[in-house]
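# Next come a sequence and a model predicted from it.
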Amino acid sequence: MTDAAVLCRNLTKTYGRIEALRDLTLTVPCGSVFGLLGQNGAGKSTAIRILATLSSPTSGTVLVAGSSVTQEAERVRRQLGYLPQDVAFPRWMTGAQYLLFAASLSGLPRTVGRARTEEILERVGLTAASGRRIGGYSGGMRQRLGIAQALLHRPAVLILDEPVAALDPLGRREVLHLIRQLRGAATVVLSSHILDDIDQVCDRVAILAAGSLLAQGSLAAVKERYAQPVFHIEVAGDARPLLERARSQPWVQKVLLDGGRVTVLVSDVGRAEQELPLIAAGTEATLLRYQRALPSLEEVFVRLVDAENIA
């Protein structure tokens, strides 16, 4: 296995005249939790299906765990764990029965399958519920069971397609907590259109729009490169003089007012750090808070997608 758990070069997928993926090149390092981020229709699920050997690329090269998804599909599947977006569980089975059945389908000997089932039930927090029928599981429990099934044969790469999209807040928290714990045990590739989820669990990201790659890299690097610098200033008193003074500066791009809170988007961080505190102190309002905001993945995503739509 190479340093890249997943490698795509010039990946293109077309359906007739529709280009679902266009010249996609990305690298997923071994051991990372990698997020594929994009709106519905961006190409995330198409890419996931190709990585899982469920669809063939129109052109390009795709390697998973060092093997080609087109020429060595069986070898890829032995190294791969996969959780589709919509999982149909046999509701009459217990959690333990389902995993034992999945272990047999994976070709694990009975004794190994039993040992792995007990081990993985403990890992996903379902030991106490292992004797209950799956029909009585919550949404979060079913997703954790799906991840358990994908982990049974100890894959090198785990692929999760929108793993929390249909869950309530509690179920989302359970599954995201589990994904965080998987770091280091396998390379995890997950797709999502929920920006906060990616921000919480991933260390690397790729942002897609209309089948094309807009950005990829470590989460910190992508934020640093593409997020617009933002400052928050909160005052007690009339904030309108501060708003007007900030708006008149050539290095200020946009100013928003929400009660006593002024949000300032700037083009020159150095000048903003020098001059904004003086501007805030020069008004009659009492300064309560001055802070440069940490860039969010949402800011990056909106900025890149808006730029793509304009282009």
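Noted; the coordinates are in hand.

# And stretch 192-201, what's buried?
Ser192, His193, Leu195, Asp197, Ile198, Asp199, Gln200, Val201 (16 or more other C-beta atoms under 10 Å). C-betas here are computed from N, CA, C, even on glycine.

# Please identify which of those is nearest to Tyr290.
Among the buried residues of stretch 192-201, Asp199 lies closest to Tyr290 (C-beta to C-beta), at 24.3 Å.

# who touches that closest one in this structure?
Leu219, Ser296, Leu297, Glu298 (C-beta atoms under 8 Å, 6 or more residues apart in numbering).

# same thing with Thr117?
By C-beta under 8 Å, 6+ apart, the contact set of Thr117 is Ala96, Leu99, Leu100, Ala103, Leu152.

# Next, count neighbours for Gly211.
Per other C-beta atoms under 10 Å, the neighbour tally for Gly211 reads 23.

# give the contact list for it.
With contacts defined as C-beta under 8 Å, 6+ apart, the neighbours of Gly211 are Lys13, Glu19, Ala20, Leu21, Arg22, Leu24, Ala42, Gly43, Thr46.

# List buried residues within those residues.
For the contacts of Gly211, a burial check counting by 16+ other C-beta under 10 Å picks out Lys13, Glu19, Ala20, Leu21, Arg22, Leu24, Ala42, Gly43, Thr46.

# What about the residues you listed, which are in strands?
In this view, the buried ones among the contacts of Gly211 that belong to strands under DSSP state E are Lys13, Glu19, Ala20, Leu21, Arg22, Leu24.

# that older thread, possible to save the contacts of Asp199 as JSON lines with secondary structure, pLDDT and neighbour count?
Below are those laid out as JSON lines (DSSP: H, G, I helix; E, B strand; the rest coil; pLDDT from 0 to 100; neighbours: other C-beta atoms under 10 Å):
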{"residue": "Leu219", "secondary structure": "helix", "pLDDT": "90", "neighbour count": "19"}
{"residue": "Ser296", "secondary structure": "coil", "pLDDT": "75", "neighbour count": "15"}
{"residue": "Leu297", "secondary structure": "helix", "pLDDT": "83", "neighbour count": "23"}
{"residue": "Glu298", "secondary structure": "helix", "pLDDT": "78", "neighbour count": "13"}
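
# May I ask you to confirm that Ser130 is in contact with Tyr98?
No. When contacts are counted by C-beta atoms under 8 Å, Ser130 is not listed as touching Tyr98 (9.5 Å).

# Near Cys30, how many other residues are there?
Other residues lying near Cys30 total 16 when counted by other C-beta under 10 Å.

# The chain should start at 49 in everything you say after this.
Yes, from this point I'll number from 49; that puts the last item at Cys78.

# where in the chain is pLDDT low?
Low-confidence segments of the chain, defined by pLDDT under 70, are located at 49-50, 343, 355-359.

# Tell me the spacing between the closest residue to Ser104 other than its chain neighbours and Gly79.
Excluding its sequence neighbours, the residue lying closest to Ser104 (C-beta to C-beta, 6 or more residues apart in numbering) is Thr118, at 6.0 Å. From Thr118 across to Gly79, the span is 25 Å (C-beta to C-beta, to the nearest Å).

# How many residues are close by Ile207?
Applying other C-beta under 10 Å, we find 27 residues neighbouring Ile207.

# so what secondary structure elements neighbour the helix or strand hosting it?
Using DSSP states H and E, Ile207 falls within strand 205-209. Contact partners of strand 205-209 among helices and strands, from 3 or more C-beta pairs under 8 Å, 6 or more residues apart in numbering; DSSP states H and E: helix 92-99, strand 128-131, helix 187-199, strand 235-240.

# Can you lay out those as TSV showing distance to Ile255?
Putting these into TSV (distance: least, C-beta to C-beta, whole Å) gives the following:
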stretch	distance to Ile255
helix 92-99	10
strand 128-131	22
helix 187-199	24
strand 235-240	11
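
# closest one to Val310 among the ones you listed?
Proximity to Val310 (C-beta to C-beta) singles out strand 235-240 among these, at 32.4 Å.

# Can you give the contact residues for stretch 221-233?
Under C-beta under 8 Å, 6+ apart, the answer for stretch 221-233 is 79, 81, 171-173, 188-189, 191-192, 195, 199, 206, 208, 211-212, 215, 236, 238, 245, 248-249, 251.

# ditto for stretch 336-346
Outside stretch 336-346, the residues within contact range by C-beta under 8 Å, 6+ apart are 85, 243-244, 246-247, 253, 267, 270-272, 275-284, 308, 317, 321, 324-325, 328.
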